[in-house]
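Trainee: Here's a sequence, model it:
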Amino acid sequence: MEAFKAAALRCPLPSAVELIGEKWAFLILRGALNGLEHFEQFQAALGIARNILSNRLAKLVNGGILERKSDPVDRRKVVYSLSPKGEALLPVVLALRQWGEDWGHGCQEIFLADKQDGQPVKRICVLAHDGRELKLGDMMWVDRASGAHVLRGELD
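Mentor: Numbers count the residues shown, from 1 in each chain. Model (predicted):
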């Protein structure tokens, strides 16, 4: 149990959740992934209080998820755009949406599609190095340094 506790304290999940796991932060991220750029757009689309929006935008900028720049068209405005770190969250957001469709609110009227052919994107899943889909029981934790298998939860 001590090894599990030590691994839990080193786990990257808590810090990731602290940055993007709060409802408004996640909805702002969703908005940015869908093309929202200005404070007023986020505020109108989300119905979020201005002080909360300001706080969450600052947190996402400080966390490297969003970048804040002057609007080239109107220097009085600010443009918020996804950084590469923020764009890398697309699979996370899509996986949570798909999970919500399966276990929460059901399928929505709209779906994410490939621009090339208009077909729905494949569901997010965990793949083996050879492309096989893996379930929880098909995986194990391995120590990077030694290559040794460790008990589930001992090292992450």
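Trainee: could you dump the one helix or strand residue 79 maps to to CSV, C-alpha only?
Mentor: Element membership for residue 79 (DSSP states H and E) is strand 78-82. Provided in CSV are the C-alpha atoms of strand 78-82 (Å, rounded to 0.1, in the frame of the first residue of the first chain):
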residue,chain,number,x,y,z
VAL,A,78,-7.9,40.1,-26.8
VAL,A,79,-7.9,36.8,-28.7
TYR,A,80,-7.7,33.5,-26.8
SER,A,81,-6.4,30.6,-28.9
LEU,A,82,-5.4,27.1,-28.1
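Trainee: just how off-centre is it within its chain?
Mentor: Strand 78-82 sits 17 Å away from the centroid of its parent chain (CA atoms, centre = their mean, to the nearest Å).
Trainee: What average pLDDT does it get?
Mentor: Summarised as a single mean, pLDDT over strand 78-82 is 97.
Trainee: go on, stretch 8-20?
Mentor: What stretch 8-20 shows for mean pLDDT is 80.
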